[in-house]
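[1] With the input below, show me the fold.
(2 chains, ligands or ions: 3)
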Amino acid sequence: MAEITEALKNIIKPENIVSQKSSVLTNQTMHYCPGCSHGVIHKIIAEVINEMEIQEDTIGVAPVGCSVFAYNYIDIDWQEAAHGRAPALGTAINRLNPDKFVFTYQGDGDLAAIGTAETLHAVNRGENMVMVFVNNGIYGMTGGQMAPTTMQGQVTATTPYGRNIDLHGYPLKITEMLAQLPGACYVTRQSVETPAAVRKTKKAIRKAFENTKKKQGTSFVEVVSTCNSGWKMSPEASNNWMRDNMFPFYPIGDIKDGEKVNANDLPNVGK
Amino acid sequence: MGELKLMKGNEVIAEAAIRCGCDGYFGYPITPQSEVMETLMNNRPWETTGMVVLQAESETASVNMLYGGAATGKRVMTSSSSPGISLMTEGLSYLAGAELPCLILNVQRGGPGLGTIQPSQADYFQCVKGGGHGDYKLIVLAPSSVQEMHDFVELGFDLAFKYRNPAMILSDGAIGQMMEKVELAPQKARWTDEEIQEISGSWATTGKTKDRKQNVVTSLELDSEQMEQNNLKFQAKYQEIQKNEVRYEAIDCEDADYIFVAYGSSARICQKSMQIAREKGYKVGILRPITLFPFPTEQIAALADKVKGFLTVELNAGQMVEDVRLSVNGKKPVEHFGRMGGIIPSPSEVVTALEQKVIGG
Ligand SMILES: Cc1ncc(C[n+]2csc(CCOP(=O)(O)OP(=O)(O)O)c2C)c(N)n1
Ligand code: SF4
Ligand SMILES: [Mg+2]
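    Ligands and ions are numbered 1, 2, ... in the order given. So this is what the prediction gives:
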């Protein structure tokens, strides 16, 4: 035993650390189901905040959804919004405190159903903030009902025979829609089901926060995610299902990467 | 004597907001109060005091912008009229639940539904009793002149921050649209970051510095025991407000046999009605609540011991009358007279109602 401790001491040295919990993550045990994507995405955001050394200047806006308690895990100042209204809160925080880093963290029900208007107009105004959109194709928190992003044929609590487009409408590609708006500088879709995907998502979120620093407008990062409880699948089966069914419809990659539209490039009838 | 001007009630709100050092206004146009944002945009305070003025995409958005701004310790306000306030009630409940100080102006128009753009006082229940879900209260101020529209902006902010509670100015289309002489307050500076830290640093989301724990602004509490405690704390606060902040005007109540209870534009009409009634030989006084929450319950109860009866005059089907009855507690008759749909009663109509419903009754 003593020998093992000695051996461990030789290994546990700062220069040997390849991965450790970010100091911006709290020590609170997460309430998420095993396999849920939310925890990984929190961890990425905390790491980015830590690496950019912006903990003192970042204000998060939590949604109503499974991630309503995001404030228990990322150790920054937070505001908890009404369902769907996070972008309106973010707008005011940003306008009144232009030197802060503001981000919203929202699910598909929050961002793409009840809060569609707030989402669209915040992006259209080019609010200088980051929006993280966790698309798990379902309402996780309320027990697995249909979301705007639920796939055709997907069984949920409110589509027990599968989503029927005639009955329930089309799955909404809101990210593609938002990429059309002049206020968005960066719109990307990522995932977190493999270490490689996690690294890419981290790069995307880092870029989004860097854009905020440069006051580029709205950066929007969708993360195609799993909700194994809502989907009623094991974590592994969920990852496979997401890969097979969601990625073809919600393809991973950047949709827009540049700048918000320059006002001088638009007709100006006041001149 | 400060600067004197002839101004519309709605315009003066904008002027008073800038002058008292308001940090941000978020709103959505609706008659009869659109002049508030128009005046702000015309004055461009972002170039002078640094005040932010933003036209939101809806009242739902503007009230949530209020939440975002108030939660950073800034002094923020919005304005709207009845249908817009309906849309805001979700947000008002969240603001009260998160104990966020801010100011909301409601220039009431007639409902229900799209109703009319003419003056009304039919949002009394909605604004004074809560409107949104849950046990909460707004601090509600009822101006009856353009001067009070001006004065209640700063008073509203002061009370909101004193109690960490949203405050509302409950006005109506008549007060919002009418022009009167007003004495404007001198320009005050907006709060500095240091002042915000001092006033709201213990709870506001100003950025988590190394020396303190994170600040989280939320109305959520899933532990029932704790949620009950939160509610008890709110109720204690509301009692404190009731104890300290009742404001009212008593006009000629000393010798009165009959009392008009009226606020806002109705109180203006009652002044003329009182004159007519006194000429007819009826000793009439007016009790004008200036704060609707807290309501002048004790003052009305005290009058109930001396007078013969009360007539509440409201531009609605009878809302505040319930609070007057609760205050009088059966001691004397309390009747209601009101017109609806945007009709403003004539002073003599009110006197006739007094004769028929209270004196003759
Ligand atoms: C006004 C309002 N309507 C409905 C709800 C109930 N509700 C809470 S979370 C939620 C959906 C959450 O789904 P999503 O945004 O996709 O988040 P997830 O839990 O999947 O991460 C709903 C409908 C609510 N809290 N407020
Ligand atoms: S219900 Fe779904 S979204 Fe919610 S914690 Fe569980 S897996 Fe995650
Ligand atoms: Mg979801």
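[2] For residue B:102, grab phi and psi.
    Dihedral pair for residue B:102: phi -170, psi 170, per degrees, to the nearest 10.
[3] scratch that, residue A:149 is what I was asking about
    phi -90, psi 0.
[4] from memory it sits against residue A:110, does it?
    No: in this structure, residue A:149 is not within contact of residue A:110 by Cβ atoms under 8 Å, at 11.5 Å. To be clear about C-beta, it is placed using only N, CA and C from the backbone, and glycine gets the same treatment.
[5] where along the stretch 1-150 of chain A do the strands fall?
    Ranges of strands in the stretch 1-150 of chain A, per DSSP state E, counting those that start in this stretch, are A:58-62, A:77-80, A:101-107, A:130-135, A:138-139, A:145-146.
[6] Same list (those strands) but as a markdown table, adding distance to residue B:273 and mean neighbour count.
    Formatted as a markdown table, those follow (distance: least, Cβ to Cβ, whole Å; neighbours: other Cβ atoms under 10 Å in any protein chain shown):
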| stretch | distance to residue B:273 | mean neighbour count |
| --- | --- | --- |
| strand A:58-62 | 51 | 27 |
| strand A:77-80 | 48 | 27 |
| strand A:101-107 | 53 | 29 |
| strand A:130-135 | 57 | 27 |
| strand A:138-139 | 57 | 28 |
| strand A:145-146 | 57 | 18 |
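[7] Report how many residues lie close to residue B:119.
    27 (other Cβ atoms under 10 Å in any protein chain shown).
[8] Let me fix that, I meant to ask about residue B:223.
    9.
[9] In stretch A:31-43, which residues are buried?
    A:32-33, A:35-43 (16 or more other Cβ atoms under 10 Å in any protein chain shown).
[10] same deal with stretch B:69-82?
    B:69-82.
[11] And stretch B:264-282, by the same measure?
    Buried-residue list, stretch B:264-282, by 16+ other Cβ under 10 Å: B:264-271, B:273-274, B:276-278, B:282.
[12] got the residues of chain A near ligand 3?
    A:107-108, A:136 (Cβ under 5 Å from the ion).
[13] ok, so of those residues, who is nearest residue B:215?
    Closest approach to residue B:215 among those (Cβ to Cβ): residue A:107, at 23.7 Å.
[14] Can you add secondary structure and give the buried residues of stretch B:264-282 back as a markdown table?
    Shown next, in a markdown table, are the buried residues of stretch B:264-282 (DSSP: H, G, I helix; E, B strand; the rest coil):
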| residue | secondary structure |
| --- | --- |
| B:264 | helix |
| B:265 | helix |
| B:266 | helix |
| B:267 | helix |
| B:268 | helix |
| B:269 | helix |
| B:270 | helix |
| B:271 | helix |
| B:273 | helix |
| B:274 | helix |
| B:276 | helix |
| B:277 | helix |
| B:278 | helix |
| B:282 | coil |
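[15] So which of the buried residues of stretch B:69-82 sit within helices?
    Of the buried residues of stretch B:69-82, the ones assigned to helices by DSSP state H are B:69-70, B:82.
[16] min pLDDT across the buried residues of stretch A:31-43, which one?
    Lowest model confidence among these falls on residue A:35, which carries 92.
[17] Would you agree it is in contact with residue A:230?
    No: distance between residue A:35 and residue A:230: 11.3 Å, which falls outside the contact criterion (Cβ under 8 Å).
[18] Okay, domains of chain B per the record?
    With domains defined by automatic domain parsing, chain B comprises B:3-193, B:248-359.
[19] before we move on, the earlier item: who has more neighbours, residue A:149 and residue A:110?
    residue A:110 (32 against 27).
[20] give me the number of residues near the closest residue to the more buried one other than its chain neighbours?
    Spatial nearest neighbour of residue A:110, excluding adjacent residues (Cβ to Cβ, 6 or more residues apart in numbering or on different chains): residue A:63 at 4.1 Å. Neighbours of residue A:63 under the rule other Cβ under 10 Å: 28.
[21] Contact partners for residue A:154?
    A:137-138, A:146, A:162-163, A:245 (Cβ atoms under 8 Å, 6 or more residues apart in numbering or on different chains).
[22] Can you report how many residues neighbour residue B:283?
    Neighbours of residue B:283 (other Cβ under 10 Å): 17.
[23] which helix is the longest one in the chain?
    Reading this off chain A. helix A:195-213.
[24] The chain in question should be chain B.
    In chain B, assigned by DSSP H, the helix with the most residues is helix B:224-244.
[25] elements contacting that helix?
    helix B:146-163, strand B:291-293 (3 or more Cβ pairs under 8 Å, 6 or more residues apart in numbering or on different chains; DSSP states H and E).
[26] could the strands of the stretch 1-150 of chain A go into JSON lines alongside distance to ligand 2?
    Listed next are those as JSON lines, based on distance: least, Cβ to the nearest ligand atom, whole Å:
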{"stretch": "strand A:58-62", "distance to ligand 2": "14"}
{"stretch": "strand A:77-80", "distance to ligand 2": "17"}
{"stretch": "strand A:101-107", "distance to ligand 2": "7"}
{"stretch": "strand A:130-135", "distance to ligand 2": "8"}
{"stretch": "strand A:138-139", "distance to ligand 2": "7"}
{"stretch": "strand A:145-146", "distance to ligand 2": "11"}
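[27] Nearest approach to chain B belongs to which of those?
    strand A:77-80 (3.5 Å; Cβ to the nearest Cβ).
[28] Tell me if the closest one is near chain B.
    Yes: using Cβ under 8 Å from any Cβ of the partner chain, we find that strand A:77-80 touches chain B at A:77-80.
[29] Let me know the helix or strand that the nearest residue to residue A:41 once chain neighbours are set aside is in.
    Among residues not flanking residue A:41 along the chain, residue A:223 sits closest, at 5.5 Å (Cβ to Cβ, 6+ apart). Using DSSP states H and E, residue A:223 maps to strand A:218-224.
[30] Am I right that residue B:321 sits in a strand?
    No: according to three-state DSSP, residue B:321 belongs to no strand; its state is helix.
[31] Cross-check the contact I'm expecting between it and residue B:337.
    No: using Cβ under 8 Å, residue B:321 is not in contact with residue B:337; the gap is 9.2 Å.
[32] who touches both of the two?
    Common neighbours of residue B:321 and residue B:337 (Cβ under 8 Å, 6+ apart) are B:312, B:314.
[33] Spit out the contact partners of residue A:144.
    Counting by Cβ under 8 Å, 6+ apart, residue A:144 has contacts A:138, A:156-157, A:227, A:229-232.
[34] Same question for residue A:32.
    Neighbouring residues of residue A:32 by Cβ under 8 Å, 6+ apart: A:38-39, A:66.
[35] Kindly recompute the last result at 10 Å.
    Counting by Cβ atoms under 10 Å, 6 or more residues apart in numbering or on different chains, residue A:32 makes contact with A:38-40, A:42, A:66-67, A:69, A:73, A:140, A:227, A:229.
[36] Over to residue A:138?
    Residue A:138 neighbours (Cβ under 10 Å, 6+ apart): A:107-109, A:144-147, A:149-151, A:154-159, A:225-227, A:229-231.
[37] Likewise for residue B:276?
    Contacts of residue B:276 by Cβ under 10 Å, 6+ apart are B:282, B:284, B:346-348, B:350-352, B:354.
[38] from those, which is closest to ligand 3?
    residue B:350 (57.0 Å; Cβ to the ion).
[39] That closest one and residue B:290: what is the separation?
    In this view, residue B:350 and residue B:290 are 20 Å apart by Cβ to Cβ, to the nearest Å.
[40] More neighbours: which of those two?
    residue B:350 (26 against 21).
[41] Need phi/psi at the more buried one.
    Residue torsions, per degrees, to the nearest 10, at residue B:350 are phi -70, psi -40.
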